[in-house]
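S.K.: Give the three-dimensional model of this entry:
(chains A, B and C)
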Amino acid sequence: MTAVLDIRGLHLAIGGRHRPTPILRGVDLTIGVGEVHGLVGESGAGKSMVGRALLGILPGAAVIEEGRIDFLGRDMIRLSERERRRLLGREISLIPQDPMTALNPVRRIGAQVADVLRLHLGLNDRAAWTRVVELLDEVHIREPERVARRYPHELSGGMRQRVLIATAFACEPKLIVADEPTTALDVTVQRQILRLIREMQANHGTAILFITHDLGVVAKICGTISVIHGGRILEHGSTEAIFKRPTHPYTSALFAATPRYDRPGDQLRPVPATLLAELAREARALDEGRRPGAAGR
Amino acid sequence: MSRAQLLRRLLLTIPTLFGVALIVFILLRVVPGDPIAMMLPPGAGEEDIARLRALYGLDRPILEQFLVWLGDAIGGDFGNSISLRQDVLSLVFSRLPATLELAFVAVVLAILLGTSMALVGVYGARRLPEWIVDAVNGVLLAIPDFLWGLVFILAVVVLGWGLPISGRIDPRLDIDWATQFWILESIVRLDVDTLGVLLRHILLPAIALALPLAAIITRVLKASLMEAMAQDYVQMARLKGLSRGRIIVREALRNAAIPTVTLTGVQLTFLVGGTVLIERIFAYQGIGNMAIDAVINRDLPLIQGLILTFAVLFIVINLAVDLTYAALNPRLRRG
Amino acid sequence: MAEPVAAALPDDGATGSVRALLGNPRVVFGGAIVLLLVTVALLADVLAPADPLAQDLLYSYLPPFWLEGAEPGYWLGTDSLGRDILSRLIHAARVALVVAVIAATATALIGTTLGLLAGFYGRWVDTVVSRLIDIWMAFPPVLLSIVLVAVLGAGLHSVIIAIAVIDWTRFARVVRAEVMVQREQDYVASAVVIGLGRWRTLTGEILPNVLPLLITLFTLEMGIAIIVEAILSFVGLSMASDFPTWGGMIAEGRQVIHQAWWLMAFPIAVLIVVVIALNMLGDGLRQVLDPVLRR
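M.R.: Residues are numbered from 1 along each chain as shown, chains lettered A, B, ... in the order given. Sure thing, here's the model as predicted:
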């Protein structure tokens, strides 16, 4: 199975000229065609940065020091602006975290979804409109023609996320980055949206890089996962296997810290401080090895 | 804006207009120079002066004069101009279109220039284009319209710019049309030649008026655009593959226009106020020019009428700005 | 104690803020020109090569020194009555400066007082002041100033009164808004709790925090005052007499622009430089003082 995405040895740091803070320490990650791959970790572990590096929307102070991000055979890091624009929205797209701010408040829903159709698929107004209505219908929005004429503030959070999902799938991309797509939603809506993403993925066969901190979400939708901590991939493999028998102590600790629906009586245990210290030490050693004198954090 | 809100706004303007009228009225009655005496040839007898004064009602107590004036005004009679011997209302209406056209052209120019500069500044942000825009704008912000007018006149006389600096139209042309909206009418009549002459005459005064407003538009719009460009939906647009230029115009501009309209709205009234001096400098026959003459001639009824006219214009402008703001902001449309 | 003010300045107190001011290019550049203006105005008698009122009809319409027909000693040429333009420009600076400072002060006093009262006491005081502001802003400023000066009679005192009476709203609106914001701050509540009377709170606590804003507005107002004076003397309503003012010189120059364009050009150039300098200074002050104030 050829890889859609192949990240190799990605080192990324942020901040100051003299001593930038390492964020990603040699990340390796591979996603195959149609694979739904979860990138799991706590906040600050660097998982969002992987997505941003891939999409080319890193914050200004971030620097990629080493590594490759191969997408469809092209290195995304060394891509020209024009080539990148040709890929974005068409072969690779994003389902963002916050649906409330991701839509332009002064443009109608239909126009915003139609952007990628007009730009990448060259559809004219009429064809684009038809397709937009079809897409909105596909994400189970009722009365899609009326909604397409509405403005974002007239829609609920869940509906806005559906619109964004429709936009992400619009051009049949090879890979979709889903950056915590359910975190900002109500709990009841979260389940619906997850189901929707699963359904769309099954229908379109799109590969998904699913970034999340929620193991429950991972269990529901991801076929394979990578566990990330301190900018390092500690473990990766099939979800089922890892859930059944995690090999890395951190992964086990993560499970222990997660409430389980089927075992509500279980005591929750935070990740042991000793384990965290050990991991931090390993990270610092890595930083030292790469750049002597650059103590990581 | 709902109909009720609109009505309320309109009703609130009445006390404002009343206050304006009252203040001006009282102010003018304190005038030391005697307009009546100025109207009569020197050596006129006391009786003549007294008679003329009585004719214009200037011998009554102030409050009575004001009530009389108010009563007439509500009925549409704003009295007669002392210096021009015509009724004030028709005088105002004869010259108002000229000023309105001047203000309109100036505003259009200001919006075009200001928006272009802001867009250039944002497109070339943190690079040379932005610095140039900021520097130029700094100068534009500082210099008032009347100085621009004088500079232009200098440029025409000394540097030989080929634009007219006097009047609304070439004195050899004689226009006897239906309205005083000459530019508008020349377009309707498809009279390209006259339109050309009119535009050439209005160009320099309009630019002088436009530059300060353009500077403010540039500053506010550029800041609003930068703020819009930092929003999440702009990042989403980038992720759709849209180019920077298109994002600035299609995504950011409409959002940035909203606060810009509010913040520049007040400046529009300054532009209209500026017509007073600009019309004088360029000998342009609008109400501004007439106002200065009226003051010099102590023509009380005319001054009164003109100040009220300006006040009404300002109120209308403020209302129009609020309506535009409501129209641009989808959140306010359905209420 | 006025803690917020002390904390608002950089740690090293007075020297810190001076350093901040000098570090801002606009303050330096604009301030330098303004300082130059003040110096020229103060030393006018010494600096001017000739008596600004001295007429010499033999030497009328002399061009500036780089043009043909110029005479030595009359650097910028002479006007229709043979008066030296450079000297007139220098002495006119005095008028401009006097008007600028006095008018700006008067405007600031009226506007700030009303703004403070409206913002702090609220309710009917605010209603009255706000309504006044609304009415005032419905007047065309230039026209109103012309009317006022015509009413009050030509002269510098009328000009100053006219400026203060017309433009006080500029200070009042800003001060009122700022006071309303400050009123909600904690330090005001604590001052009230301590038992400081409302007036004491207003003057002792809020006013110092509004001060940086006032300084910026003051600079701006000076620029406006100079412009208004120029406009009024252009229209012929400022000082009587042939004592030079920039606006008056421009008006004279306008009449003879075809024969002697320099009569109009030099005062315009001076006005432009002065106005830009004041704006720059005000802008720079705002940049320096604003982050300090808002932290």
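
S.K.: if I've got this straight, B:Leu119 is in a helix?
M.R.: Yes: counting by DSSP: H, G, I helix; E, B strand; the rest coil, B:Leu119 is found in a helix.

S.K.: so how many other residues sit close to it?
M.R.: Using other CB atoms under 10 Å in any protein chain shown, B:Leu119 has 22 other residues around it. Yep, even glycine has a C-beta here, placed from its N, CA and C like the rest.

S.K.: Tell me the pLDDT of it.
M.R.: pLDDT, B:Leu119: 95.

S.K.: Wait, it touches B:Ile248, no?
M.R.: Yes: assessed by CB atoms under 8 Å, B:Leu119 is found in contact with B:Ile248 at 6.4 Å.

S.K.: what's the overlap in contacts for those two?
M.R.: Taking CB atoms under 8 Å, 6 or more residues apart in numbering or on different chains as the criterion, B:Leu119 and B:Ile248 both touch B:Leu225.

S.K.: could you give the mean pLDDT of stretch C:158-168?
M.R.: Per-region confidence: stretch C:158-168 scores 89 on mean pLDDT.

S.K.: swap that for stretch C:115-123, sorry
M.R.: Confidence for stretch C:115-123, expressed as mean pLDDT, is 81.

S.K.: Give me the residues contacting it.
M.R.: By CB under 8 Å, 6+ apart, the surrounding residues in contact with stretch C:115-123 are C:125-126, C:128-130, C:171-180, C:183, C:198, C:201-202, C:206-207, C:210.

S.K.: Now with 10 Å, please.
M.R.: Stretch C:115-123 has contacts (CB atoms under 10 Å, 6 or more residues apart in numbering or on different chains) with C:125-130, C:132-133, C:168-183, C:188, C:198-199, C:201-203, C:206-207, C:210, C:214.

S.K.: And the buried ones among those, selectable in ChimeraX?
M.R.: In ChimeraX, this line selects whichever of the contacts of stretch C:115-123 come out buried by 16 or more other CB atoms under 10 Å in any protein chain shown:
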select /C:126,129,132,133,168,169,170,171,172,173,174,175,176,178,179,182,183,188,201,202,206,207,210,214
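
S.K.: in the stretch 51-200 of chain B, which spans are helices?
M.R.: Assigned by DSSP state H, counting those that start in this stretch, the stretch 51-200 of chain B shows helices spanning B:62-74, B:88-123, B:128-142, B:145-154, B:182-188, B:192-229.

S.K.: List the contacts of the residue nearest to the spatial centre of chain C.
M.R.: By CA atoms, centre = their mean, the mean C-alpha position of chain C lies nearest to C:Met222, the distance being 0.5 Å. Residues in contact with C:Met222 (CB under 10 Å, 6+ apart) are C:34, C:96-97, C:99-101, C:103-105, C:107-108, C:274-275, C:278, C:281-282.

S.K.: From B:Val107, how far out is the closest residue to it other than its chain neighbours?
M.R.: With CB to CB, 6 or more residues apart in numbering or on different chains as the criterion, C:Met222 has its nearest non-adjacent residue at 4.2 Å, and that residue is C:Ala100. When CB to CB, to the nearest Å is the yardstick, C:Ala100 and B:Val107 sit 31 Å from each other.

S.K.: how many other residues sit next to the residue of the stretch 151-297 of chain A found nearest chain B?
M.R.: Going by CB to the nearest CB, chain B is nearest to A:Tyr151 of the stretch 151-297 of chain A, at 4.5 Å. Per other CB under 10 Å, the neighbour tally for A:Tyr151 reads 18.
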